[in-house]
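Asks: Sequence plus predicted model, see below.
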Amino acid sequence: MIKREKIKDLLNSTSFNTDVRVMGWVRTFRNNQFIALNDGSCMGNIQIVVDFNNTPEELLKRITTGAALAVDGILVASLGKGQKVDIKAVNIEILGDSNAEEYPLQPKKHSLEFLREKAHLRFRTNTFNAVFKVRHALAFAIHQFFNEKNFVYMHTPVITASDAEGAGEMFKVTTLDFDKTPRTENGKVDFSEDFFGRATNLTVSGQLEGELAAMAFGQIYTFGPTFRAENSNTTRHLAEFWMIEPEVAFADLENNMQLAEDMMKYVINYALSNCQEEIAFLNERLLEEEKQKPQQERSELSLVEKLNFCLTNEFERLTYTEAIQILKHSKPNQKKQFKYLIDEWGADLQSEHERYLVEKHFKKPVILTDYPKDIKSFYMRMNDDNKTVAAMDILFPGIGEMIGGSQREERLDKLTKRMDEMNIPQEELWWYLDTRRFGSAPHAGFGLGFERLVLFVTGMTNIRDVIAFPRFPKNADF
RNA sequence: UCCUUGGUAGCUCAGUGGUAGAGCAAGUGACUGUUAAUCACUUGGUCGGGGGUUCGAAUCCCUCCCAAGGAGCCA
């Protein structure tokens, strides 16, 4: 028997008149004669030409959209205009039938909302083929970037006992029987009877554990699933998402910003050069979509232009205080077009403000630094002004916050003081505080929401379309 | 969780008080170098669920569920 070949290789082949064998799934079957076959090796289909006069009616009827086939045939130069090569079928074997009356994917354009409900089948569409290839490339590029810089990939725990991080609502992890939970004398659930002997949750961040490792390896990163039980129903939040969290010893906020910008450019560049076909497709898809919109709402740059723009321009860096000044004097603020008007220093920035800075004022990624201490986490390093902390948020057009990071507070007295002020129990984080007791050192790190990166690079607009099986409130299908 | 807009055939939608429609898909047939093939015919609906108003409800009211977009929370 001949060895099976990948469609990707055959589409570029010029070895005409050779016997080939392919396997794949039917995308369309036109004219009782032309099968567009896809095997996932690339976005393109190979055209199988069927000699329908010498093929049993029985078999022709079973060549339906979605059916899996094994085809033996001869590779020939195509007579048609749409493609360079055809396979003249000699023998077609149906590996798996696909009932055309029941198969949900039709040879036509489907809405993303519809495909979201068919998440088990949506990989079979061009759009999702492209999205998940790009997702793969980005994940690979992230590992390659850190590996080249000699970072150590740490696997931080998915189940944690600390609930003091304040990053968000947590999912409880328990084996207790809900119908008869053990109770303490004062009526509370007795978690000492639970599997771990204490209350546990799914992690909301690997940062604290990451810091422990960074204080030995010097530079580490994590890349794993993260969970937030927030009741968020937006196009950029998930209950289960993947996060990349580098942590670097002997680094300050400046180093941290540089690392983040370098990483973003590295992985975007990797995707551009390794997913040309996919990104070209997504670029076209987005252009088509934008055509539906009124002129005003269309973006100035195409997807490819936007990605290239990111690579060739420095991210704009400015402090929170400078941003407030810009916003205060901005047109929408003067004309009271903001829903939340910028009045004085200290307020948290709303999405509309971030969007103005990124999309209207600077028109490129922006790194905002040195936020007021009161709107940031306890572990961020206090600046000399005692008002701001060495925090940074990287804002991207269309996405908002892509990265959040900071230089960490390495001074034990200042750290414990902040914890007291923010009511964070020190005894629960004794192990974290130990790093400040024994050989503390300046260090910094950040968290990158992987799906938000995939959103940006694919030009998709809903985060539920860039993760295979999205988890969000009221939804855990598949 | 809040605000807005929606939920009608497998899909995308029209129908705004008088008894259910189109295009595509699917089925049957014709045609055969097509490119989401084309042409003809056919099938297909508890109009999101429940309750109410009315002689009569897809249409009006109440309520619940679900979806999209925006907000908050954040990555």
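Replies: Sure, I can see it. Worth saying up front: this structure is predicted, and the values here are computed from it rather than measured.
Asks: count of neighbours near the residue in chain A that RNA strand B sits nearest to?
Replies: Nearest residue of chain A to RNA strand B (C-beta to the nearest atom of the strand) works out as residue A:80 at 2.0 Å. Glycine gets a C-beta too; all of them are placed from N, C-alpha and C. Per other C-beta atoms under 10 Å, the neighbour tally for residue A:80 reads 10.
Asks: what's the answer for the one 5 residues further on, then?
Replies: Counted with other C-beta under 10 Å, the burial measure for residue A:85 works out to 19 neighbours.
Asks: tell me the pLDDT at it?
Replies: The score at residue A:85 is 95. That number is its pLDDT.
Asks: got a list of what it touches?
Replies: A:10, A:11, A:13, A:16, A:46, A:47, A:75, A:76, A:77, A:78 (C-beta atoms under 8 Å, 6 or more residues apart in numbering).
Asks: bridging residues for it?
Replies: Residue A:85 has these beta-bridge partners by DSSP bridges: residue A:77.
Asks: Please tell me how far it sits from residue A:46.
Replies: Separation of residue A:85 from residue A:46 (C-beta to C-beta, to the nearest Å): 7 Å.
Asks: residues bridging contact with those two, i.e. touching both?
Replies: Shared contacts of residue A:85 and residue A:46, counting by C-beta under 8 Å, 6+ apart, come down to A:10, A:11.
Asks: Hmm, residue A:68 is touching residue A:24, no?
Replies: Yes: if you go by C-beta atoms under 8 Å, residue A:68 and residue A:24 touch, sitting 7.3 Å apart.
Asks: Between those two, which is the more surrounded one?
Replies: residue A:24 (24 against 16).
Asks: Phi first, then psi, for the nearest residue to that one once chain neighbours are set aside.
Replies: Using C-beta to C-beta, 6 or more residues apart in numbering and skipping residues adjacent in sequence, the residue nearest residue A:24 is residue A:39, 3.4 Å away. Phi and psi for residue A:39, reported as degrees, to the nearest 10, are phi -120, psi 10.
Asks: List the contacts of residue A:39.
Replies: Residue A:39 is in contact with A:6, A:7, A:22, A:23, A:24, A:25, counting by C-beta under 8 Å, 6+ apart.
Asks: where in the stretch 51-200 of chain A is pLDDT low?
Replies: A:163-167 (pLDDT under 70).
Asks: any bit of stretch A:214-224 sitting next to RNA strand B?
Replies: No: shown here: stretch A:214-224 not in contact with RNA strand B (C-beta under 7 Å from any atom of the strand), separated by at least 12.2 Å.
Asks: which residues sit against the strand or helix carrying residue A:285?
Replies: Element membership for residue A:285 (DSSP states H and E) is helix A:276-291. Applying C-beta under 8 Å, 6+ apart, the external contacts of helix A:276-291 come out as A:42-44, A:126-127, A:129-131, A:133-134, A:271-272, A:298-299, A:302-304, A:307, A:457-460.
Asks: now the helices for the stretch 301-450 of chain A?
Replies: A:303-312, A:320-328, A:331-334, A:351-355, A:412-421, A:430-437, A:450-458 (DSSP state H, counting those that start in this stretch).
Asks: most tightly surrounded among those?
Replies: Neighbour counts (mean count of other C-beta atoms under 10 Å) averaged over each of the helices of the stretch 301-450 of chain A peak at helix A:450-458, with a mean of 25.
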